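J.: next input, structure requested:
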Amino acid sequence: NLNIKLNNGSKLAKIKDVGNISTNKIINEVINNEKNIEFREKDIFLELEDQKIKIEEYYFRKIIEELLSNAIKFTIAGIKIQIKTEVVDNELVLTVRNEGSGITEEQIADIGAFMQFDRKKNEQQGLGLGLAIVKLIAELYNANFIVNSKPYEFFEVIINFKLK
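T.: As a prediction, the model looks like this:
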């Protein structure tokens, strides 16, 4: 569905023709609604600079849900998960980072649908669509999508949303 919208000018224009949303409100709501949060709330560290950005609320919420869910799934209790927003050079920079896990550069290059890395070691429920969905949503809104990682040290996703 996201691919269709990316390649259809009228649908793409409709998606982008939205009001501004408050990032902090949505991030906090997603954290409070995360089903596994009771086991990990001490691990989550927030550094939030509230900003209004032009994105459909559903899609921003989906970004946070997918990134938080992955961070919880692929780390153990006691491992720090950081969600940070800040304004840099007229962009809202969203960073979701967790310590301890990570993937290789080859795996970063392979981020796409139905890819769950190290499935035998990290068996999780799901289809491996989370990062692919986040990447497509970022593309929809002309946001930079960056993955930095070092196996067994850290994994982070950075998305730069342009502010108007």
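J.: which residues in this protein form helices?
T.: For the chain, the helices defined by DSSP state H occupy 2-6, 9-16, 23-33, 37-40, 57-73, 105-109, 130-140.
J.: could you dump those to CSV with mean pLDDT?
T.: Shown next, in CSV, are the helices of the chain (pLDDT from 0 to 100):
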stretch, mean pLDDT
helix 2-6, 59
helix 9-16, 62
helix 23-33, 95
helix 37-40, 82
helix 57-73, 94
helix 105-109, 82
helix 130-140, 90
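J.: just put the ones you listed in CSV and tack on mean neighbour count.
T.: C-beta coordinates here come from the backbone N, C-alpha and C atoms, glycine included. Shown next, in CSV, are the helices of the chain (neighbours: other CB atoms under 10 Å):
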stretch, mean neighbour count
helix 2-6, 13
helix 9-16, 12
helix 23-33, 16
helix 37-40, 13
helix 57-73, 20
helix 105-109, 12
helix 130-140, 20
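J.: now distance to residue 91 too, for those, in TSV please.
T.: Formatted as TSV, the helices of the chain follow (distance: least, CB to CB, whole Å):
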stretch	distance to residue 91
helix 2-6	21
helix 9-16	16
helix 23-33	12
helix 37-40	28
helix 57-73	15
helix 105-109	21
helix 130-140	12
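J.: between these, which one is nearest to residue 48?
T.: helix 23-33 (4.9 Å; CB to CB).
J.: contacts for that closest one?
T.: With contact meaning CB atoms under 8 Å, 6 or more residues apart in numbering, helix 23-33 is reached by 37, 41, 44, 46, 48, 50-53, 57, 60-61, 64-65, 68, 83, 85, 92, 94.
J.: rerun at 7 Å
T.: 37, 44, 48, 50-51, 53, 57, 60-61, 64-65, 68, 83, 85, 92 (CB atoms under 7 Å, 6 or more residues apart in numbering).
J.: next one: stretch 91-109
T.: 23, 51, 53, 67-68, 71, 74-75, 79-86, 117, 147, 149-163.
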